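Undergrad: need a structure here:
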Amino acid sequence: MPAVNKGKVLVSGCNGFIAVWVVKHLLEEGFSVRGTVRRESSIPHLKDLFSSYGDKFEVVIVPDITKEGAFDEAVKGVDAIEHTASPFHMHADDPQEIIGPAVAGTVGMLRSALEHANGTVKRVVVTSSCSAVLTVDPNHERWYNEKNWNEQSICEVEAKGRNASNVDKYHASKSLAERAAWKFVEENRGAVNFDLVTMNPPYVYGPFLQEVKRPEDLNTSILEFYGSVVKGTKTKEQLTNFSTGWVDVRNVSEAHVLALQKPEAGGERIIVSCSEWVWQDFVSAAHKFDPSLPAGDTSYDPRKAPYTTHFDNAKSKRILGIEYHSIEECTRDLLGQFKRLGWY
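TA: Residues are numbered from 1 along each chain as shown. Now for the predicted structure:
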């Protein structure tokens, strides 16, 4: 499928942490954007944020992404779709509270594109996650690439239901939603005139553009960053005993836009990950920029860091040409934002 370098792009859940950056990068690249939100109250901040783009940015309300035909009107007349709307939290009781919207929203978007925009939409980019890639194994070092799938969390949820861990419930939602997307495209191969790309980031940090009036209202990942790095809420053991991948939100949004612009991205599953980390890496970077912030475990030696989870980002570099922001850059810019807001 040819690249999409102009036209109108639909961005679902456009007031989300990643999505607002996707909108920003699309507008900067000359695209028009139609964003969806669940509530009218989300619109004023977005309109103000992107006011300089005039009528190149519009917002429509889709109150329930699980409803059949929820995106039917929103997809009409667009050239590409960035589907970012999916729940991200760790407090679901019934697993279907998070799995249902993730799967139904993704499949519903693809079905709407097939039935109401199959003549205009050339590419659909779905925000998945490295949660759909990894198998948690804290006792062994593991390397992952796009061929890996998280079956473990799905099995845990199927076996334990409400008693499954909140982490497994979330991981299962991402794995099942992405699998459903690829299955939909495969089952409708003769009918769809668009191709699919999935983006698989791990933990996402960096400056935020969404409306946040106080630290408590931050999205899940940045709220944990704020507590761990600025407020010093983690013990020395917690600062070094959890290892996985991370990526700056600006690289994630850049990847979403490049996935439209690069013909060879079509049909690909792409891990978008900068490097491995433990919390102490961010704490050390923050303390270097501002010595008044917690120092954490001062005996920590990054050369001996217990990194156990590694994500191969070679495809993102080869196909998309991404150059990743460092932990230092991400920490500096996020701390600067906290400082400007008077949050520390």
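Undergrad: So which residues of this protein form strands?
TA: Remark: strands assigned in the chain by DSSP state E are 8-12, 32-37, 57-61, 80-83, 123-127, 142-144, 195-200, 203-205, 244-248, 269-271, 275-277, 309-311.
Undergrad: Can you say which of those is packed in most?
TA: Sort the strands of the chain by mean neighbour count, taking mean count of other CB atoms under 10 Å, and strand 80-83 sits at the top with a mean of 30. Heads up, the C-betas are built off the backbone N, CA and C, glycines and all.
Undergrad: Tell me the strands beside it, with direction?
TA: Strand 80-83 pairs in its sheet with strand 8-12 (parallel), strand 123-127 (parallel), by DSSP bridges.
Undergrad: Mind putting these into CSV with distance to E276?
TA: As requested, these are arranged in CSV below (distance: least, CB to CB, whole Å):
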stretch, distance to E276
strand 8-12, 30
strand 123-127, 22
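Undergrad: a markdown table please, covering those strands and showing mean pLDDT.
TA: Output for those, formatted as a markdown table (pLDDT from 0 to 100):
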| stretch | mean pLDDT |
| --- | --- |
| strand 8-12 | 98 |
| strand 123-127 | 98 |
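Undergrad: how about JSON lines for the strands of the chain, with distance to D333 added?
TA: Output for the strands of the chain, formatted as JSON lines (distance: least, CB to CB, whole Å):
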{"stretch": "strand 8-12", "distance to D333": "23"}
{"stretch": "strand 32-37", "distance to D333": "23"}
{"stretch": "strand 57-61", "distance to D333": "24"}
{"stretch": "strand 80-83", "distance to D333": "23"}
{"stretch": "strand 123-127", "distance to D333": "22"}
{"stretch": "strand 142-144", "distance to D333": "27"}
{"stretch": "strand 195-200", "distance to D333": "21"}
{"stretch": "strand 203-205", "distance to D333": "10"}
{"stretch": "strand 244-248", "distance to D333": "8"}
{"stretch": "strand 269-271", "distance to D333": "23"}
{"stretch": "strand 275-277", "distance to D333": "16"}
{"stretch": "strand 309-311", "distance to D333": "22"}
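Undergrad: Among the strands paired with strand 80-83, which comes closest to K288?
TA: Across the strands paired with strand 80-83, K288 has its closest neighbour in strand 123-127 (31.8 Å, CB to CB).
Undergrad: And the contacts of that closest one?
TA: For strand 123-127, the surrounding residues in contact (CB atoms under 8 Å, 6 or more residues apart in numbering) are 1, 4, 18, 80-84, 86, 106, 109-110, 113, 177-178, 181, 194-199, 201, 256, 259-260, 265-266.
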